[in-house]
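Trainee: Let's see this in three dimensions:
(chains A, B, C and D)
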Number of protein chains: 2
Amino acid sequence: MNIGDAATKAGLPAKTIRYYEDIGLVKPARDANGYRAFVQSDIHKLTFLARARALGFSIEDCRDLLALWEDSSRASSDVRRIAQEHLARIETKIADLEDMRDTLKTLVRDCAGDDRPDCPILNRLGDPA
Amino acid sequence: MNIGDAATKAGLPAKTIRYYEDIGLVKPARDANGYRAFVQSDIHKLTFLARARALGFSIEDCRDLLALWEDSSRASSDVRRIAQEHLARIETKIADLEDMRDTLKTLVRDCAGDDRPDCPILNRLGDPA
DNA sequence: CTTGACCTTCCAGTGAGTGGAAGCCCTATG
DNA sequence: CATAGGGCTTCCACTCACTGGAAGGTCAAG
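Mentor: This is a model prediction of the structure:
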């Protein structure tokens, strides 16, 4: 299977798949003409990667998860730890964004948004006191 | 005032201030010895930038906000629009992260996290059906 | 035989800095 | 007066996870 079909099946851009090969996440064989030849297990890996990335796992996390996935003797605690650390990072990020959101909401609410120059948003950024 | 003191006052790393000069956000004068010489208005600008960045505005948003801040004849509607667009992006990002968080929470909850290889997290990533 | 879609590699750029090297400048101390 | 240290300068490379584009090879259809 060529890269275009692999991309369709895995739900990833072809460019991304080439990049994943570059960094050693997948190692598709090559046809005589130099085209990448994806087999079913490559597609599985790519699909796995697409799902893990969609859940926000970093590439390095994905590399580890993929290794664990391939390792039938793995301990599920290893996977769980990675997922839990990622979950903690996500929750921190959500909290940070919620703080920003609340502040911005207040500012936007208080701003008349008309033709006059007076603007609480700029006032706050320039001098929050 | 040298860059170190400016950094302390504005709450930004010196490196970041140099970077902001590089991209034209601030234009401090220079002493005879080549050192940057920050005056009060530079510190104000840097402080403004630090606050806007802390609220998650992009550098380009900051550039626009700074220009509006300096423009006494601005319309507050311009500022409001920028803030509202940013707010919308933040809310989208929060929603995305919340989706990830919910999925991850379920997976982590269902994973025994012991020495056995069976792992719902990997199962889900490999075959979500 | 040509067209057009596909594939290849390689180079450069994104955002917003951060790290580090090499080398000046300034002040304080012995 | 020499030197040690800290701070300042520039410049280059690196981060993360791609993405865009150029230049050129390959393949199937008409």
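
Trainee: In which helix or strand does residue A:99 reside?
Mentor: Per DSSP states H and E: residue A:99 is located in helix A:76-110.

Trainee: which residues does the spatially closest residue to residue A:91 that is not a sequence neighbour contact?
Mentor: Using CB to CB, 6 or more residues apart in numbering or on different chains and skipping residues adjacent in sequence, the residue nearest residue A:91 is residue B:101, 6.3 Å away. For the C-beta atoms, the positions are set from N, CA and C on the backbone; glycine is no exception. Residues counted as contacts of residue B:101 (CB atoms under 8 Å, 6 or more residues apart in numbering or on different chains) are A:87, A:90-91, A:94.

Trainee: any chance of the residues you listed in JSON lines, plus neighbour count and distance to DNA strand D?
Mentor: Compiled in JSON lines, these are given as follows (neighbours: other CB atoms under 10 Å in any protein chain shown; distance: CB to the nearest atom of the strand, whole Å):
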{"residue": "A:87", "neighbour count": "19", "distance to DNA strand D": "16"}
{"residue": "A:90", "neighbour count": "19", "distance to DNA strand D": "13"}
{"residue": "A:91", "neighbour count": "15", "distance to DNA strand D": "18"}
{"residue": "A:94", "neighbour count": "18", "distance to DNA strand D": "18"}
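
Trainee: I'd like to know which of these is nearest to DNA strand C.
Mentor: Proximity of the contacts of residue B:101 to DNA strand C was ranked by CB to the nearest atom of the strand; the top entry is residue A:90 with 18.2 Å.

Trainee: The closest one contacts residue B:104, doesn't it?
Mentor: Yes - using CB atoms under 8 Å, residue A:90 is in contact with residue B:104, at 6.9 Å.

Trainee: For chain A, which segments count as strands?
Mentor: A:29-30, A:36-37 (DSSP state E).

Trainee: just those strands: most buried one?
Mentor: Highest mean neighbour count among these (mean count of other CB atoms under 10 Å in any protein chain shown): strand A:36-37, with a mean of 17.

Trainee: ok, is that strand in contact with DNA strand C or not?
Mentor: Yes - Strand A:36-37 comes into contact with DNA strand C (CB under 7 Å from any atom of the strand), by way of residue A:36.

Trainee: Mind checking if the helix or strand of chain A with the lowest mean pLDDT is in reach of chain B?
Mentor: Here the helix or strand of chain A ranked lowest by mean pLDDT, DSSP states H and E is helix A:120-126, holding a mean of 92. Yes - using CB under 8 Å from any CB of the partner chain, helix A:120-126 reaches chain B at A:121-122, A:124-126.

Trainee: Name the residues of that helix that are buried.
Mentor: A:120-122, A:124-126 (16 or more other CB atoms under 10 Å in any protein chain shown).

Trainee: That one - contacts with which helices or strands?
Mentor: When contacts are defined as 3 or more CB pairs under 8 Å, 6 or more residues apart in numbering or on different chains; DSSP states H and E, helix A:120-126 sits against helix A:76-110, helix B:40-54, helix B:59-70, helix B:76-110.
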